[in-house]
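K.L.:
Quick one: sequence plus predicted model below, questions after.
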Amino acid sequence: MQPTFVLVHGAFANSFSLAPLQAELGLLGHRSVAVDLPGHGFRATFTRAYQAPQDPEGLATAPGSIKGVTLADNVAHLIGILERAKRNGPVVLVAHSRGGITITAAANARPDLIDRIVYVSAWCPVRLDVGDYYAEPEMAGVDPAAFASALAGNPADLGLLRVNFRTADPDAIAAFKAAFFADGTDEQFLTILNTFQPDENLDVGGSADRAQVATWGRIPKTYIRLADDASLPLALQDRLIREGNALTPDNPYDVRTLAGSHLKWLVDPAPAARALGELATLPAPSARA
C-alpha cells in the first residue's frame, strides 16, 4: 500500500516551509501531510511590534500563543495526526532539526502508528538530553551566542523563546545565514527567513523522552545526513546515528547523505524527495536479513 509521509518541521518553522518538498513528493506520486505543531503556522503569534517599523519594546513584552506549550502537547497533537494517517495505510514519519525530539517521543508512545521513522539532520537523543549535547565536542563549532543580538525579551518572563528574524542588524543576519543556509543566495535566504515565526516553546524534553529500545527501537529507521550542516554538524549527526545503532544493533539506521546546509534541502527539495521516495518500498530490517 502507498504510505503517507507525515512531515514535521523544526524550531521556529511550520508547514509552510515544507510546501516545496510536498510538491516534489506529489510529482513523484507520493502522498504527504505537513504538520503544524501547536503554536505554529496559523496558530503562531505575529505581533504588530514585529512588523515594520518595528517596536523593540513591544516585541520584547508582547505575549505569545506558544507560551506554556510542552513537548507532551506536541506529541499528543502529532499522535492524533498519525492515527488519522494510519487509517489509510503505512506511515513514514519524517522530521527535520528540532522536530526530531517530537517524533522520537511520539515513537516512544505509539510505535504501532509508525512504519518507518526518518530523521533529516534531526535530533534523536539517546545517551544525553538535548541540551547536554551542546557541551559535547561535536557541537564545539556552534555558537548560540552568535544570535544573541536578535533575541527579543527575556525567555523566563515571556515563557517562550523569541527571535527577531526581521532584524536589520547585518551581523545577526550574517550569523543566521552562516548557521542555516551558507550555500544559498541572499534572496533565497531572506525568503525562507520570512517563513520563520518569531516564537518557539521552551520545552525540549528530558531523559524520559530519549529514544527507548522497547518502543522507538523496534521501528525501522533512516537518518538522512546533511553534509554541510553548520547548525547540527555532521559530527553530531554521526554521533546520534552511532548511539541509535548501539541502542538497537539489530535494527540499525538506514543512512543516506545529501549535500547542503541545514535549510538547502527545503529550498532545493528534489534530491530529498527522491531519497524519501525510495523509502516507500524499503523493507524492514528483518525482511532484508
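P.N.:
Arrived safely, thanks for sending.
K.L.:
And for Pro249, the neighbour number?
P.N.:
9 (other C-beta atoms under 10 Å). (Glycine included, C-beta is placed from N, CA and C.)
K.L.:
which residues touch Leu18?
P.N.:
With contacts taken as C-beta atoms under 8 Å, 6 or more residues apart in numbering, Leu18 has the following neighbours: Leu7, His9, Ala34, Leu266.
K.L.:
which residues does the third one contact?
P.N.:
For Ala34, the contacting residues are Leu7, His9, Ser15, Leu18, Ala19, Gln22, by C-beta under 8 Å, 6+ apart.
K.L.:
contacting residues for the third one?
P.N.:
Each residue near Ser15 by C-beta under 8 Å, 6+ apart is listed here: Leu7, His9, Ala34, Val35, Asp36, His40, Gly41.
K.L.:
Out of those, the closest to Ala214 would be?
P.N.:
Within these, proximity to Ala214 (C-beta to C-beta) peaks at Val35, which comes in at 25.2 Å.
K.L.:
Show me which of the contacts of Ala34 is closest to Val91.
P.N.:
Comparing the contacts of Ala34 against Val91 with C-beta to C-beta places Leu7 closest, at 11.3 Å.
K.L.:
tell me the helices in the stretch 101-250 of the chain, going along the chain?
P.N.:
130-133, 155-158, 170-180, 186-193, 234-247 (DSSP state H, counting those that start in this stretch).
K.L.:
Flag every buried residue along the last one.
P.N.:
Of the residues in helix 234-247, those scored as buried under the neighbour-count criterion (16 or more other C-beta atoms under 10 Å) are Leu234, Leu236, Gln237, Arg239, Leu240, Ile241, Glu243, Gly244, Asn245, Leu247.
K.L.:
Then the second one?
P.N.:
Within helix 155-158, the residues that qualify as buried by neighbour count (16+ other C-beta under 10 Å) are Leu158.
K.L.:
what's the closest non-adjacent residue to Arg98?
P.N.:
Ranked by C-beta to C-beta, 6 or more residues apart in numbering and with sequence neighbours excluded, the top spatial neighbour of Arg98 is Ala11, at 4.0 Å.
K.L.:
Run a quick neighbour tally on that neighbour.
P.N.:
Other residues near Ala11 number 20, with proximity taken as other C-beta under 10 Å.
K.L.:
show me where pLDDT drops low in the chain?
P.N.:
Counting by pLDDT under 70, the chain has low-confidence residues at 284-289.
K.L.:
same thing but at 50, please
P.N.:
Along the chain, the parts satisfying pLDDT under 50 run over 286-289.
K.L.:
Would you mind writing the CA trace of stretch 173-182 as PDB?
P.N.:
Taking Å, rounded to 0.1, in the frame of the first residue of the first chain, the C-alpha atoms of stretch 173-182 are listed here in PDB:
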ATOM      1  CA  ILE A 173      21.600  38.300   9.500                       C
ATOM      2  CA  ALA A 174      25.100  37.100   8.600                       C
ATOM      3  CA  ALA A 175      25.100  34.800  11.600                       C
ATOM      4  CA  PHE A 176      21.800  33.300  10.700                       C
ATOM      5  CA  LYS A 177      22.900  32.700   7.100                       C
ATOM      6  CA  ALA A 178      26.200  31.100   8.200                       C
ATOM      7  CA  ALA A 179      24.400  28.700  10.500                       C
ATOM      8  CA  PHE A 180      21.500  27.700   8.400                       C
ATOM      9  CA  PHE A 181      22.000  28.400   4.700                       C
ATOM     10  CA  ALA A 182      25.500  29.400   3.800                       C
END
